[in-house]
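> missing the sequence, but the structure's below:
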């Protein structure tokens, strides 16, 4: 039996489409974890990245934090948090957020630094307040890069959120973890396929967001 | 009036960008700050809108210290144009120009209508309104930069090497456009450049600065070319300042010869009558009177004059409108050594030899010298004022 047969068998089984272990439920759980982790990571990474990028200060410390964040193994961190904090969503969210902050933080900082200084100088010279300079001059130009940082963070979360299943939470990781345990490879492959598909959908969502929010004058580059 | 009063800018590392500079920038005229890189000209400009804050000294605008008002209010009252224009790439041309009016709280429609007027004023096709900056050439972008600075009709315009990054032909177009706009609007313009030709062309007053942030001379361009304050200014003006000074002498007084001109359909008698010997050549014109070329009288056969037999007459000068410099240039370039003068419609108005132009130049110089002794008082007082500042500055050092 090859992988395609597994996929076909998994998705054509109507039992997989309903109930608390059905695809819609697991998919919704997975999306929920992803959105929550991404929202928390963005709430931390975006303001810090925008501010350090705008002022140009703190870039070195940022790089240090980002490197440290990347070096932490998500799975190990989750197990550690589980031991320290016990059962709950926090041990799942913490490693996902730690995973997502570095790409958001670093690309936002870099995006702001790479904005052409001439229009920024012109904006200040014509009497724009600093917040206006940041949000009306720098941000619209930095947006494509910032979105790419959010996108890679989102995709990393989608693929890593499967570990939630190890500490008894739901999500698409359920199929993989349970499948491996039950030696049900149909389930394992089905879960992995769903994760991959969700990552592709995430790419599509960010592509659409870019089309909608980035000015045509900036997008051509 | 903008008054810069013994202003110094010293950076924390000890570098002095501007050193006890005093300058009075007259209203409704173009004051050019010119000098080599590192002379503090841009720093001086940026201190006027507080992009750089002076370490010592004061700058007043119409008698009010610029430090006394909120910085963004001050900046909104001054247009600011920089090199490479610095347009907002995410905004359309019309919205770029409407930026300051929008900041001042104008409605979108009113601000856009105003921006549309300005596009016309700076010579931009209204079809460009919905384009983005990347779709425009460098020269067009710079025009947008000027329009954006003028949008809220500020009394003061600060321009920091605005035309340095475009090619010479486009630059000339932009300079002419600026002079035309200035004639219409009468702004107080402070213009920074490293190009002395640009300074002489645009400036009502020119401040030459030298490395270390010192003022070397502050004078109208004609005076700068005639009477450079010191070796530095003379050197900075370049080897051909004598020729360039001729730009300030009108060609109106030139005595033009009208005799040696024949039309292309001239009869043998007309050719003979025109060959008076005043000039060794005859200028042949077309039936409208526009110059075609030169020929020796003996070479011309009535009814058989063909343009390819003629010596090219090159670019003529417009009599009375262009300067002696243009006239001399025509004569120097002409294969016959004679310059062709035309009227406003391009019809031959007369011809003039290098010798006659030379006499006119000597005459004009003599006249200027005589003038300098009498009514030049006003000018010399101004320049003495600035020279005095210069000397006290030197003494203080």
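Nice, thanks for sending it over. The shown structure was predicted, so the numbers you read here are calculated from the model rather than taken from an experiment.
> Give me every residue in the stretch 51-200 of chain B lying close to chain A.
Taking CB under 8 Å from any CB of the partner chain as the measure of proximity, the stretch 51-200 of chain B contacts chain A at B:51, B:71-76, B:79-80, B:82-92, B:99-100, B:103, B:132-134, B:145, B:148-149, B:158. Every C-beta, even on glycine, is put in place using the N, C-alpha and C of the backbone.
> So which of those sit within helices?
Using DSSP state H, B:71-76, B:99-100, B:103, B:145, B:148-149 are the members of these that sit in helices.
> Just give me the neighbour total for residue B:363.
13 (other CB atoms under 10 Å in any protein chain shown).
> cool, residue B:32 as well?
As a burial measure, residue B:32 scores 25 neighbours (other CB under 10 Å).
> for it, what are its contacts?
For residue B:32, the contact set (CB atoms under 8 Å, 6 or more residues apart in numbering or on different chains) comprises B:191-193, B:198-199, B:202-203, B:205-207.
> For those residues, could you give me TSV that also reports secondary structure, neighbour count and pLDDT?
Below are the contacts of residue B:32 laid out as TSV (DSSP: H, G, I helix; E, B strand; the rest coil; neighbours: other CB atoms under 10 Å in any protein chain shown; pLDDT from 0 to 100):
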residue	secondary structure	neighbour count	pLDDT
B:191	strand	25	98
B:192	strand	26	97
B:193	strand	23	96
B:198	helix	21	95
B:199	helix	26	95
B:202	helix	24	96
B:203	coil	23	96
B:205	strand	22	97
B:206	strand	26	97
B:207	strand	26	97
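> which stretches of the chain aren't confidently modelled?
All of this is about chain A. Chain A contains residues with pLDDT under 70 at A:1, A:220-221.
> wrong chain, I was asking about chain B
Applying pLDDT under 70 to chain B flags residues B:372-397.
> One more pass at 80, please.
Flagging of chain B using pLDDT under 80 yields the residue ranges B:276-277, B:303, B:368-397.
> What number of residues are in the vicinity of residue 112?
Defaulting to chain A. Close neighbours of residue A:112, defined as other CB under 10 Å, add up to 24.
> Wait, chain B was what I had in mind.
Residue B:112 has 19 neighbouring residues, counting by other CB under 10 Å.
> Please report the distance of it from residue B:105.
Remark: distance between residue B:112 and residue B:105 (CB to CB, to the nearest Å) = 14 Å.
> what's the answer for residue B:208, then?
41 Å.
> ok, these two, which is more surrounded?
Remark: of residue B:208 and residue B:105, residue B:208 carries more neighbours, 27 against 7, as counted by other CB under 10 Å.
> Looking at the contacts of residue B:32, which one is closest to chain A?
Closest to chain A out of the contacts of residue B:32 is residue B:192 (12.8 Å), distances taken as CB to the nearest CB.
> Is that closest one in contact with residue B:40, as I believe?
No: Residue B:192 is beyond contact range of residue B:40, at 10.2 Å (criterion: CB atoms under 8 Å).
> Check the contact lists of these two and give me the overlap.
Joint contacts of residue B:192 and residue B:40 (CB under 8 Å, 6+ apart) do not exist.
> Assumed residue B:162 was part of a helix.
No: under DSSP: H, G, I helix; E, B strand; the rest coil, residue B:162 falls outside any helix and is assigned coil.
> show me what contacts it?
Contacts of residue B:162 by CB under 8 Å, 6+ apart are B:81-83, B:85, B:142, B:145-146, B:174, B:191.
> go with 7 Å
Listed by CB atoms under 7 Å, 6 or more residues apart in numbering or on different chains, the contact partners of residue B:162 are B:81-83, B:142, B:145.
> before we move on, what about residue A:219?
Going by CB under 7 Å, 6+ apart, residue A:219 touches residue A:144.
> could you say what helices and strands the host helix or strand of residue A:181 packs with?
Assigned by DSSP states H and E, residue A:181 belongs to helix A:173-182. Applying 3 or more CB pairs under 7 Å, 6 or more residues apart in numbering or on different chains; DSSP states H and E, one finds that helix A:173-182 contacts helix A:185-213.
> can you state the direction angle for the helix it packs on and helix A:173-182?
Angle of helix A:185-213 versus helix A:173-182, following axes from the mean of the first three to the mean of the last three CA atoms, to 10 degrees, is 160 degrees.
> Of all the residues in helix A:185-213, which ones are buried?
Using 16 or more other CB atoms under 10 Å in any protein chain shown as the test for burial, helix A:185-213 gives A:186-195, A:198-199, A:202, A:206.
> ok, so of those residues, who is nearest chain B?
For the buried residues of helix A:185-213, the nearest to chain B is residue A:206 (18.6 Å; CB to the nearest CB).
> Pull up the gap between the nearest residue to the closest one once chain neighbours are set aside and chain B, please.
Using CB to CB, 6 or more residues apart in numbering or on different chains and skipping the chain neighbours, the partner closest in space to residue A:206 is residue A:151 (4.1 Å). Distance, residue A:151 to chain B, using CB to the nearest CB, to the nearest Å: 20 Å.
> tell me the SS of residue A:151?
Residue A:151 ends up helix, using three-state DSSP.
> same question, the one 10 residues further on
When the structure is reduced to helix, strand and coil (three-state DSSP), residue A:161 reads as helix.
> give me every residue that touches the closest residue to it other than its chain neighbours.
Spatially, and ignoring its direct neighbours in sequence, residue A:161 is nearest to residue A:33 (4.6 Å; CB to CB, 6+ apart). Contacts for residue A:33 (CB under 7 Å, 6+ apart) come out as A:92, A:96, A:161, A:164, A:171.
> Now for the fourth one: which residues touch it?
Okay, so that is residue A:164. With the criterion set at CB under 7 Å, 6+ apart, residue A:164 makes contact with A:33, A:92, A:170-171, A:173.
> Please report the distance of it from residue A:88.
Residue A:164 sits 11 Å away from residue A:88, going by CB to CB.
> do the third one as well
Plainly put, residue A:161 is 16 Å away from residue A:88 if you go by CB to CB.
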